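# Build me a structure from this.
(chains A and B)
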2 protein chains.
Amino acid sequence: MSQRIKINTLLQSTQTDVDVTVKGWVRAFRQNRFIALNDGSTNNNIQIVVDFENTDPALLKRITVGAAISVFGKLIASQGKGQTVEVIAETVEILGDCDPEKYPIQPKKHSLEFLRENAHLRFRTNTFGAIFRVRNTLSFAVHQFFQERGFVYLHTPIITASDAEGAGETFHVTNFDLANTPRTETGEVDYKQDFFGRAANLTVSGQLEGELGAMALSDIYTFGPTFRAENSNTTRHLAEFWMIEPEMAFADITDNMDTAEALLKYVIAYALDKNKDDIEFLTQRLLEEEKQKPQNERSEMSLTEKLQFCLSNDFERLTYTEAIDILKESTPNKKKKFQYLVEGWGTDLQSEHERYLVEKHFKKPVILTDYPKEIKSFYMRQNDDGKTVAAMDILFPGIGEIVGGSQREERLEKLENRMDEIGIPKDELWWYLDTRRYGGCPHSGFGLGFERLVLFVTGMGNIRDVIPFPRFPKNAEF
Amino acid sequence: MSQRIKINTLLQSTQTDVDVTVKGWVRAFRQNRFIALNDGSTNNNIQIVVDFENTDPALLKRITVGAAISVFGKLIASQGKGQTVEVIAETVEILGDCDPEKYPIQPKKHSLEFLRENAHLRFRTNTFGAIFRVRNTLSFAVHQFFQERGFVYLHTPIITASDAEGAGETFHVTNFDLANTPRTETGEVDYKQDFFGRAANLTVSGQLEGELGAMALSDIYTFGPTFRAENSNTTRHLAEFWMIEPEMAFADITDNMDTAEALLKYVIAYALDKNKDDIEFLTQRLLEEEKQKPQNERSEMSLTEKLQFCLSNDFERLTYTEAIDILKESTPNKKKKFQYLVEGWGTDLQSEHERYLVEKHFKKPVILTDYPKEIKSFYMRQNDDGKTVAAMDILFPGIGEIVGGSQREERLEKLENRMDEIGIPKDELWWYLDTRRYGGCPHSGFGLGFERLVLFVTGMGNIRDVIPFPRFPKNAEF
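Model prediction:
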């Protein structure tokens, strides 16, 4: 027996008439003769040809969809169409049976909802194989982008004691017996007795700690899980998701935009190159799906075209104020087609507004800058106008906000005043303020929601389909 | 003004007599003339020469240790020793002052304990700059190793609903008001009303979910945070730490050992190459530290030598049974120097035993295999002897166990019997068992504790010093 070769390698093989061992899972078995075998290394199957006349019928019966098998045989140039090589089996060994009567993944089209309930098996389908290979490539591309530029990957903490950022509802982390939480003399929960000696929760962002690293290492990035305990049952929200958060010393908001745009283009180009077959498959999948929709709701571009389009165009950069002017004068606003009408300066933008700008007005990714300070976080750098902050959000077609960032307020007095204004406790963030006390400098950073990026590159419509085991209200299965 | 150049690039510059802009933090300022400037891109400082006679004294006063500055000037071949290039400053701009009276990081040696309490500033020291650059390199090397081999990076869930593995105390994750947890009619905590509709906790391992991915994609790995709510105040335990967990379909225990050994050698070699200066600095640091110890407690090898030694030697592979025989006959056992005497087969190995094998007996990394099933997890493949399982642990000098892994039990009946024997609820792990029902196959995997790896490569003695913001009992600061 020769050493096992993965199917993606075999399919690219130029050497034929050699003995090979190949292992994987049966995707189809036709005419008691042709096995389509997949091992997850590629979306493509290799064809195994079985000499059924000289094979034990009991063995043939066990070659069922989903079974794990090992095949030893000869790799030859294929006679059939659709593949260049195939394997003439000499021996087939069943490694693990799969009862076709009970196996949930049948050789037919399953709904995405059904596959979500069987997330432990959905990796075995073409769609999810492709999604998770693309997700893998995007992850690595993120790391490679930052490593090439000398950024230090920093593991910021998952468990934190402060929700000082006020980014939303957090999950509590505790070691208490929830049936019997210790109390102080006045009857309050006595967090001093908890594992960390204080109330703790799951992080909503690694940014504040990331800034601490940047104030010594110049450029850092995080790439880790973040959490929101929001009761949002939507196709765009998860309770647990992965974020990429670079922080750059000596960088202003323009450097910030440049880096974010370069990152997005780099990782999309990387996936288009590395996962050509997967993205082609997902492009076809989306075309099929859109055939169900009325003509006017279908995308103007295919998935591959949309990705290419992102690479070949500069993102449109404009201020929030300019965007409001465009939106006020827009047809859907005038005809009251927006659910939330844009009345004037100061209102937060809704998803429908973001998508109008990106998909209808500019027809390309958009970077909005200089938002009203009231609708942005305390740590964003205050502009000289006294009204806006040096924020920047990147909006993508079909996704809306994919990146949110800003130049950070490095001036201690302005930062403290803003914290006082909106009631953020300064004593809890003493360590954050220290970076402004001791050798602070202009710096910037942003957050990229990783699942939103994967959504964009795979063309999927529901964020629950681009993370292996999604967490959302009432669901923590697997 | 020219574009800012990072110091690691400047120091390698072969072109001199050019205008440069350099930004960073002052590490020292001697004779009102020589600034040692660091920007975190390297452990080395660049020397800035200030023409103090023609510089505003008020500005000179603000060039203090810790201050952030921007320097424009000419890069020239250095006259002084210790550096090949330096910058003759034309202008110095203070970006952020640093009051020398108040700045906690003084230009002197601080204790590691003090720096742990100032973890937000410790990145600014030589030691921690080096540690976190090495940590970064090791992280990337892990990804690159697996990507080169076609593994898929899988983000397994952080919040899980099962502690079925029974690996230890877990942290609860809840959305409840802890002062007032909802109750059922019988007075029990009503988890149905919690965010996930059931009790949830932080993961102790991504392995079980990782196996689900491997049973479709062939080779996967995780690299994410894991948690233990153990009240361990030691130099080797954290409540939050990062693990790397590959799972490989069609791989037996020998493949598993080969992969783990190759991974460790790959990432150590990568760091030695990429972080030569940092590891050299850490080697000197350790030599200085060991000078405080009595001669017989000092390491025989320096840090760099120890790392090189790991690369150039095959890890010693032997069974648990063989190890017990060696330990029983060992001098410290016979002379009752071990705290826990090795009486016979079946007992779990303590750290002192592991270190004896590695540091005294074999004097190199050791892989122990085939442990008694009673001291290992339910999912490990049962050997034919009925007593042992196909486990493998890798033991490292100074660290003890750095990798723990096994061939997984792929036979449904044997797996279920073992779960019944030790009382693991099968219904909670229906999805795990499904992989054995539907096309299971021989497969293997292991877990590598990332912080233990960083400890080994940096030569540090306390695990709290190799993760940016350590979490341990009574501590979740920053």
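
# Residue A:49 and residue A:87 touch, don't they?
Yes. Between residue A:49 and residue A:87 there is a contact at 7.0 Å, judged by CB atoms under 8 Å. Quick note: C-beta positions are derived from backbone N, CA and C, even for glycine.

# out of the two, which sits in the busier spot?
residue A:87 (25 against 19; other CB atoms under 10 Å in any protein chain shown).

# burial count for residue A:224?
Counted by other CB under 10 Å, the residues lying close to residue A:224 total 23.

# what do you get for residue A:48?
Counted with other CB under 10 Å, residues neighbouring residue A:48 total 23.

# can I assume it sits in a helix?
No. Assessed with DSSP: H, G, I helix; E, B strand; the rest coil, residue A:48 is strand; it does not lie in a helix.

# pLDDT value on the nearest residue to it once chain neighbours are set aside, please?
Spatial nearest neighbour of residue A:48, excluding adjacent residues (CB to CB, 6 or more residues apart in numbering or on different chains): residue A:35 at 3.9 Å. We have a pLDDT of 98 for residue A:35.

# check which helix or strand covers residue A:35.
Secondary structure assignment for residue A:35, by DSSP states H and E: strand A:34-38.

# which other residues reach that strand?
With contacts defined as CB atoms under 8 Å, 6 or more residues apart in numbering or on different chains, strand A:34-38 is touched by A:7, A:22, A:24-30, A:44-50, A:63, A:69, A:71, A:89, A:92, A:124, A:129.

# at 10 Å what do you get?
Residues outside strand A:34-38 that contact it (CB atoms under 10 Å, 6 or more residues apart in numbering or on different chains) are A:7, A:10, A:22-30, A:44-50, A:52, A:63, A:65, A:67-69, A:71, A:80, A:83, A:86-87, A:89, A:92, A:107, A:124-126, A:129, B:216-218.

# So which other helices or strands are in contact with the lowest-mean-pLDDT helix or strand in chain A?
Every helix and strand of chain A was ranked by mean pLDDT, DSSP states H and E. The lowest is helix A:351-355, at a mean of 93. Where contact means 3 or more CB pairs under 10 Å, 6 or more residues apart in numbering or on different chains; DSSP states H and E, helix A:351-355 is packed against helix A:320-328, helix A:331-334, strand A:388-396, strand A:400-408.

# closest one to chain B among those?
In terms of CB to the nearest CB, the element of those nearest to chain B is strand A:400-408, at 12.2 Å.

# Give me the subset of the contacts of strand A:34-38 lying in helices.
Members of the contacts of strand A:34-38 lying in helices (criterion: DSSP state H): A:7, A:10, A:126, A:129, B:216-217.

# Mind giving me the ChimeraX select for those, buried ones only?
Buried members of those, defined by 16 or more other CB atoms under 10 Å in any protein chain shown, are picked up in ChimeraX with:
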select /A:7,10,126,129 /B:216,217
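
# before we move on, the earlier item: please list the outside residues in contact with the least confident helix or strand of chain A.
Contacts of helix A:351-355 (CB under 10 Å, 6+ apart): A:234, A:236, A:323-324, A:326-327, A:330, A:332-333, A:337-342, A:347, A:349, A:361, A:366, A:368, A:393, A:395-401.

# mind checking how far that helix is from the chain centre?
Centre-to-centre, helix A:351-355 and its host chain are 20 Å apart (CA atoms, centre = their mean, to the nearest Å).

# Mind giving me the packing neighbours of the following helix or strand past it?
Helices and strands here follow DSSP H and E; after helix A:351-355, the next one along the chain is strand A:366-372. Counting contacts by 3+ CB pairs under 10 Å, 6+ apart, strand A:366-372 is packed against helix A:253-274, strand A:316-319, helix A:320-328, strand A:388-396, strand A:400-408.

# how about the strands in the stretch 151-300 of chain A?
For the stretch 151-300 of chain A, the strands defined by DSSP state E, counting those that start in this stretch cover A:152-153, A:159-160, A:172-174, A:200-202, A:219-227, A:240-249.

# got it, and the stretch 1-150 of chain A?
A:18-30, A:34-38, A:46-49, A:68-77, A:85-96.

# Compare the ones you listed and report which one is nearest to residue A:421.
Residue A:421 sits nearest to strand A:34-38 of all the strands of the stretch 1-150 of chain A, at 58.5 Å, using CB to CB.

# Give the buried residues for that closest one.
Of the residues in strand A:34-38, A:35-38 count as buried by neighbour count, 16+ other CB under 10 Å.

# same deal with stretch A:66-81?
Buried positions in stretch A:66-81, judged by neighbour count with 16+ other CB under 10 Å: A:66-73, A:75, A:78.

# need the contact list for residue A:271.
Residue A:271 touches A:133-138, A:140-141, A:278-279, A:307, A:453-454, A:457-458, counting by CB under 10 Å, 6+ apart.

# which of the residues you listed count as buried?
A:133-138, A:140-141, A:278-279, A:307, A:453-454, A:457-458.

# Can you tell me which of these is closest to residue A:112?
The closest of the buried ones among the contacts of residue A:271 to residue A:112 turns out to be residue A:458 (CB to CB; 12.2 Å).

# So the closest one sits against residue A:279, correct?
Yes. Between residue A:458 and residue A:279 there is a contact at 7.9 Å, judged by CB atoms under 10 Å.

# Which neighbours do those two have in common?
Common neighbours of residue A:458 and residue A:279 (CB under 10 Å, 6+ apart) are A:130, A:133-134, A:271, A:303.

# Chain B contacts on the stretch 301-450 of chain A?
Within the stretch 301-450 of chain A, the positions adjacent to chain B are A:410-412, A:429-443, A:450 by CB under 10 Å from any CB of the partner chain.
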